[in-house]
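J.: no sequence for this one, just the structure:
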């Protein structure tokens, strides 16, 4: 059992992080907190992907004798590069989403002068919008 | 607008911060360019370099104030750069298309570069990394300016416009 | 709301943990993820693109379409912020 | 059976649709051009339809496929004798109605005339589509178009009652449409085909429970338009529509389409044999006879002339359904030919009601005293129609009632004989007072003592339809060959079943 | 890979994550988020994903934090939860 | 009666005279001002021409200096010394120095760059030595009895002028353990010192003197400096 | 060269969007003609692709010239080509329409608006055309981000709606990303065709099961399926007219397309239908969506808000077609993707035109609209009839196939839901039609004791740039209905996965 837990502990970590992030996204009332949760959520997924790529006994996927490539390349020596590639994209997507979300946050603050979800809902109800 | 906080966009009056960032920014930029140019051999590439480039300008905004920074990098230029970057990327792809290959097939670039297919691909990668870098830099600056100023990057002109 | 959030989160987590059970052991060099597509990248990417950093080679050549997409994402975000926030310079400040 | 492939059915449908759009394009400003479209389309349509009658009478079938979706699922026209009969009724009466409508709307100076004529043309187009459709899907398509095309006519007055009537109409018919859609989907799933076949095609494709349910759904779907008793409620409320519309609704297009659908279901989808086996024919007949009697009694209580006519319509339509449901050769003949006969007689009656409305602005039975002196032609035609509906010999109504009664005897169901008799008595009871009052009672103050008819546009059509119903009483096969078509249809059905 | 280091980093990350969503001062929360990103990037370096770590260091811990601070300074610093 | 009228008349006449004098004074003033303004404009124009020339010159020097520094940096980082990478490097350094040459050398002083660099390099070992010393002191503080720790904020006015020297001093103070620069406001340093000794060390002003020496500031202009500066002045003239 | 049309579909709007800021900098007025002119090219390209697919069968386009599991490819079969044509034509129509609405409401934001408009179109088409699950995510994000920004510039309450959309949309996208991760860890591949080959051996793995669950939930969020639709009404309702006319027809439909793609192409039907209990769940959820959407729509007095809830219900239609999982149902679902796109486009365009001309969206205030805006109202009426399911209009045919599908699957309740929904639609739309066409609905009628003053109502039709798209879509509603047989027999029956 312990062996089982240890052999996959990084997956557990990522699941815990993801749950924290998701909880903040759904459960927190403050909008900035939601965004913080979103960032945590996204980087948890990235952690998951990075863990997929890990190979025991392998090194970073940069060949040392660059450019020649005549010597045989041992696949087992290099970490799987594909998840890294995917995650570069995912990180950029996450920052872009954060940017847009923060911009809308400022619009919201301008309109309601608060960032608490319940207060905004109250204001909207009062104004009948 | 209520509660305008200019913390991020007015000139800092701390001499230490100002002087250090003044000295740091050129090195940040050269490092960013190095990261873009050496993405083939070491970690890094268009994104990281672009973000660092953007960060250097953001630092300029934070320490020297918006107006000084905008003198170096106006909004319009920034927007144009933003699309130029993507255009470099997509343009290389279309160039491959025009040369008879599929979209983004850098091997076709060999027809005009004459350096061998592998090298052509390498150069293609460099080209797109530059495109990525330019876009990311401009985009980061643009997003930061919009958020930090609440959409009025050149504030003083705006106030004058209001008075007039 | 918090309770609902907690329930939803726990359910999601439970589902994910359920899936973990059948995953290959962590850092297993023979897992499908490491043995299906990626070996060929490691073997031929440098040779074919003259780029020792395999990540860069895959990012900007094999999957360059993805990368173009992500550049466009950044571009979209920048234009999106401009659309949402930026006001005309000498306008009435509306 | 010989099949003739021709695009004439399509043109018969399209001609009035094209006319409808021409009417819309012409608009309110050029009234004469607009109405000439209507008349031209009516004539053209009649010619196209009538040109196909000889072919049908030779025992051939005309077919035209519009599109094929999947095998067995297609939009197709196929004209057999039964469809032809309905087509001829509709297209011939449209001519009369067109002229009459022009007189009516001009006489009353109605608003939104363009919309009126547009909807009218669309109605006719879809009615012909219904008549010629080869399968249930095509039938449903045109049936739904008819539903919607009739809606602007029902709400034409745009008064509160008109809108309420329109809502009720839509509620009933759209619900029916949904039920039909489901039932037809079921049938396609079960049999893989939807083509009408004389004598039915559905037998043996499902358990009897399922088949009975399907039958109930289909009869409900079509019965709503046909005004079978629990679903008749919309029909009297829809009487707020202008009279030509009521004429169209109750004599030609809508209700006849419902009855036509019921008959198609009974005779061409299920078929006499299957209905016998399932034992639901009798239930069907009982329900319809209930409608006959109750509608007759309700009609007695109506003072509003058009409402009285509406209940009379319900009564007569149920009679047609009973005729089909009895499943004997004679009853079928009676039912089918009654479709034609009733159409001519009832349209005459509505035309008369409309003429009275236009001329005298009178709507109630009790206001008609002595009107026969001022409007002898109108009231004469009314008398002819009423006598015909009561089944008195020289008129065409007699022939259909005769066959119906024969059928009841053939089927060994004496009770229906009594139903028909009662119905005839009731007809006499609610029509004869009108005739009597208008001709023999002392005229009311506002009735002019001299001859002063409604516009000729209105009178001539109603006289012609009245005369035609006499002619059909004497020579059932005259002009339109209704009798031949009927017997051909019955022959097809019985020949198989 | 040293699993002890791994574990410590993971622990830090989780602590940072929980702190980031629980601190009432938004500026503080944002800074903690930056620290979270930084630890995350250490963890990834340790797993061999240098490119990803580099990106996260510049994007997540760098520009991301700056954007958050800019937004918070434009709006409200206190949060109710 | 007449007397009073006479007195009044006299008063009035004096007033009129007074006014006339004031007005003439004003006119004279204005004339003088106009002349001086015209002169100053003339002077400014001449100055501007000189300044422009000087500016272009300093800009070129700044650009070159920045470029050289950045390119050195690039070569250090790069590790690929083929033609392709070097040319990319030149391109990049050119771009960056074009964009930022006014940042790296924002307030150039009359001084020889080489001297400053030379002195700065010699300053570093001294600073390191100081750091080691105070490290040991702080270690003793940390390990020894607690009562030696006596944190307080000291403030002192500095004679340094330029930004760069102010920052160098502040960073040197912060780098030596035990002291942290909190703020510099109007030439006054606010420093947090952990113990009495560190504070006293700082207040001797040795570090300040050395930094002033590096950047050739205040009254620490040695003979050597003037000699260094002579060719510069010659060049300017 | 014919193959290269596939590349043009994405590349042209993308590069064109880059030039919009430049053009806008030079002359603002030129943005609009530029966008319209540019959007013609993807339409032509996608038609050409459809033509190629119809004549020579499906083909793939390798980006960068790399072989599929290593590089990214476009997967062009009947389904994707068909949806591409829909997306490109609707976006062209909406682009033509957008002129007045943007010039009047957001004159300062023309340039970024059109940039994002093109990017949104690019994103949607990228989603449809790609054959790589991760690439799909990237384009999903492009479309989502541009959509967020476009919605946020809407009316009162738009920022909050946008924020909710961002949060929920990001959860959806992240779930999708998690699904990809789980698939990747089990298979090592990202290519759809490759995955379809590998997956059958792994169907009993829990990883695949979880991946499937996350895909489904993520896409259900994106498509706005019933319990996960909460972001949809506010976001679509507060967006500017031109934006909601683009996203309401396309966003949810494209998500539904992805659902079909994943459920039946990446995973085999035999897994999705037989091995996981997802189909009944989806089906029942869509039944609830239909009823909930319908009932909420009935409660609205605001025309646009009513339509937004109808969108929720329409998503239910398509998902029912997917979840009956038979040939007829899928035919109906795919046909409904097209029909609903056209109908929704028409309805939202009409609402936009009404708002532009009269400044109101309240149903009760639409009086005399048949006189003021006869063509607009005629278009509305035609589409409304189509929504109700009156035959020659296209709505009937998709409903017919959906019902056939439910009957074949033996799901009577689902069939009943579809039927009820057309009745609800009838109530909804005839309410509007009565208000717009009939006199007694005006309050003056009651006051004057049933007689209305005869007042001359001037015709005040929407400008031509608005009217033409409206008329085109309305004509499309009829024509697509009439030619639906042709469309089904030549395209859709091949688009339905072959294993049915």
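T.: Perfect, I can see it now. For clarity, every value in this text was computed on a predicted model and none was experimentally measured.
J.: Can you say which helix or strand has residue 18 in it?
T.: Using chain A. Residue A:18 belongs to helix A:9-27 when assigned by DSSP states H and E.
J.: should've been chain G
T.: Counting by DSSP H and E, residue G:18 is found in helix G:5-26.
J.: cool, residue D:68 as well?
T.: Per DSSP H and E: strand D:61-70 holds residue D:68.
J.: what's that strand packed up against?
T.: Helices and strands touching strand D:61-70, by 3 or more CB pairs under 8 Å, 6 or more residues apart in numbering or on different chains; DSSP states H and E, are strand D:3-5, helix D:8-26, strand D:73-79, helix G:484-487. Bear in mind the C-beta positions are built from the backbone N, C-alpha and C, glycine included.
J.: ok, now how distant is residue G:245 from residue G:107?
T.: 19 Å (CB to CB, to the nearest Å).
J.: who's more crowded, the two?
T.: residue G:245 (30 against 11; other CB atoms under 10 Å in any protein chain shown).
J.: Find me the pLDDT at residue 27, would you?
T.: Because you didn't say which chain, this covers chain A. The per-residue pLDDT reported for residue A:27 equals 89.
J.: Sorry, I should have been clearer: chain E.
T.: Looking at residue E:27, its pLDDT is 91.
J.: same deal with the one 4 residues further on?
T.: Looking at residue E:31, its pLDDT reads 92.
J.: Quick check, it in contact with residue E:65.
T.: Yes: at 7.1 Å, residue E:31 counts as touching residue E:65 under the criterion of CB atoms under 8 Å.
J.: so what strands line up beside the helix or strand hosting residue F:152?
T.: Assessed by DSSP H and E, residue F:152 sits inside strand F:149-157. Strand F:149-157 has the following strand partners under DSSP bridges: strand F:188-195 (antiparallel).
J.: Quick one: residues in contact with the strand it pairs with.
T.: F:137-138, F:141, F:148-158, F:169-170, F:173, F:178-184, F:199, F:202 (CB atoms under 8 Å, 6 or more residues apart in numbering or on different chains).
J.: Can you name the next helix or strand after it?
T.: helix F:196-203.
J.: for the helix or strand that that next one is followed by, which positions count as buried?
T.: With elements assigned by DSSP H and E, the helix or strand that comes after helix F:196-203 is helix F:206-214. Residues F:207, F:208, F:210, F:211, F:212, F:213, F:214 are the ones in helix F:206-214 that count as buried (16 or more other CB atoms under 10 Å in any protein chain shown).
J.: Can you add pLDDT and distance to residue D:294 and give the residues you listed back as JSON lines?
T.: Formatted as JSON lines, the buried residues of helix F:206-214 follow (pLDDT from 0 to 100; distance: CB to CB, whole Å):
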{"residue": "F:207", "pLDDT": "81", "distance to residue D:294": "116"}
{"residue": "F:208", "pLDDT": "81", "distance to residue D:294": "117"}
{"residue": "F:210", "pLDDT": "82", "distance to residue D:294": "119"}
{"residue": "F:211", "pLDDT": "81", "distance to residue D:294": "115"}
{"residue": "F:212", "pLDDT": "81", "distance to residue D:294": "119"}
{"residue": "F:213", "pLDDT": "79", "distance to residue D:294": "122"}
{"residue": "F:214", "pLDDT": "79", "distance to residue D:294": "117"}
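J.: quick one on the thing from earlier: quick check: mean pLDDT of the strand holding residue D:68?
T.: 84.
J.: Note down every partner strand of that strand and its orientation.
T.: strand D:3-5 (parallel), strand D:73-79 (antiparallel).
J.: now the ones you listed in TSV, with mean neighbour count and mean pLDDT?
T.: Output for these, formatted as TSV (neighbours: other CB atoms under 10 Å in any protein chain shown; pLDDT from 0 to 100):
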stretch	mean neighbour count	mean pLDDT
strand D:3-5	11	86
strand D:73-79	22	87
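J.: Out of those, which is closest to residue F:89?
T.: strand D:73-79 (71.7 Å; CB to CB).
J.: The closest one to helix D:8-26, inter-axis angle?
T.: 100 degrees (axes from the mean of the first three to the mean of the last three CA atoms, to 10 degrees).
J.: and the angle from the helix or strand just after strand D:73-79 to strand D:61-70?
T.: Per DSSP H and E, the first helix or strand lying C-terminal to strand D:73-79 is helix D:81-108. Interaxial angle, helix D:81-108 versus strand D:61-70 (the same axes, to 10 degrees): 90 degrees.
J.: pLDDT of helix D:81-108, averaged?
T.: 86.
J.: middle-most residue in chain B, spatially?
T.: residue B:137 (2.0 Å; CA atoms, centre = their mean).
J.: Flag the shaky bits of the chain, pLDDT-wise.
T.: If you meant another chain, say so; for now it's chain A. Along chain A, the parts satisfying pLDDT under 70 run over A:1-2, A:5, A:65-72, A:128-129.
J.: wait, I meant chain E there
T.: E:1.
J.: In it, spot the helix with the most residues.
T.: Identified as the longest helix of chain E according to DSSP state H is helix E:26-47.
J.: The helix or strand that comes right after that one - contacts with which helices or strands?
T.: As assigned by DSSP H and E, the chain's next helix or strand after helix E:26-47 is helix E:50-58. The contact analysis (3+ CB pairs under 8 Å, 6+ apart) places helix E:50-58 against helix A:31-53, helix A:82-112, helix B:46-72, helix E:26-47.
J.: The stretch 301-450 of chain D: strands as residue ranges?
T.: Using DSSP state E, counting those that start in this stretch, no strands are found in the stretch 301-450 of chain D.
J.: quick one, helices of it?
T.: For the stretch 301-450 of chain D, the helices defined by DSSP state H, counting those that start in this stretch occupy D:305-325, D:329-360, D:371-374, D:376-390, D:396-410, D:414-440.
J.: what pLDDT, on average, does the shortest one get?
T.: Mean pLDDT, computed over helix D:371-374, is 82.
J.: what helices or strands is it leaning on?
T.: helix D:329-360, helix D:376-390, helix D:414-440.
J.: nearest to chain E, of those?
T.: helix D:329-360 (72.3 Å; CB to the nearest CB).
J.: residues near residue 15, how many?
T.: As the question left the chain open, I've gone with chain A. By other CB under 10 Å, 21 other residues sit near residue A:15.
J.: actually chain D
T.: 25.
J.: so it touches residue D:38, yeah?
T.: No: contact criterion CB under 8 Å: residue D:15 and residue D:38 do not qualify, at 11.3 Å.
J.: In contact with the residue nearest in space to the middle of chain E, which residues?
T.: For chain E, the residue nearest the mean C-alpha position is residue E:36 (2.3 Å; CA atoms, centre = their mean). By CB under 8 Å, 6+ apart, the contact list for residue E:36 reads A:40, A:43, E:13, E:16, E:17, E:20.
J.: residues contacting the second one?
T.: Each residue near residue A:43 by CB under 8 Å, 6+ apart is listed here: A:17, A:94, E:36, E:37, E:40, E:56, E:60.
J.: Any stretches of chain F with poor pLDDT?
T.: Looking at chain F by pLDDT under 70, you get F:1, F:106-113, F:217-237.
J.: what does the domain assignment say about it?
T.: F:1-108, F:113-236 (automatic domain parsing).
J.: for these, which one sits closest to residue G:418?
T.: Nearest of the domains of chain F (CB to CB): domain F:1-108, 63.8 Å.
J.: quick check, that closest one touching chain B?
T.: Yes: counting by CB under 8 Å from any CB of the partner chain, chain B is contacted by domain F:1-108 at F:66, F:69-70, F:73-74, F:77-80, F:85, F:88-89, F:92-93, F:95-97, F:99-100, F:103-104, F:106.
J.: Those residues in strands, which ones?
T.: Using DSSP state E, no member of the residues of domain F:1-108 next to chain B sits in strands.
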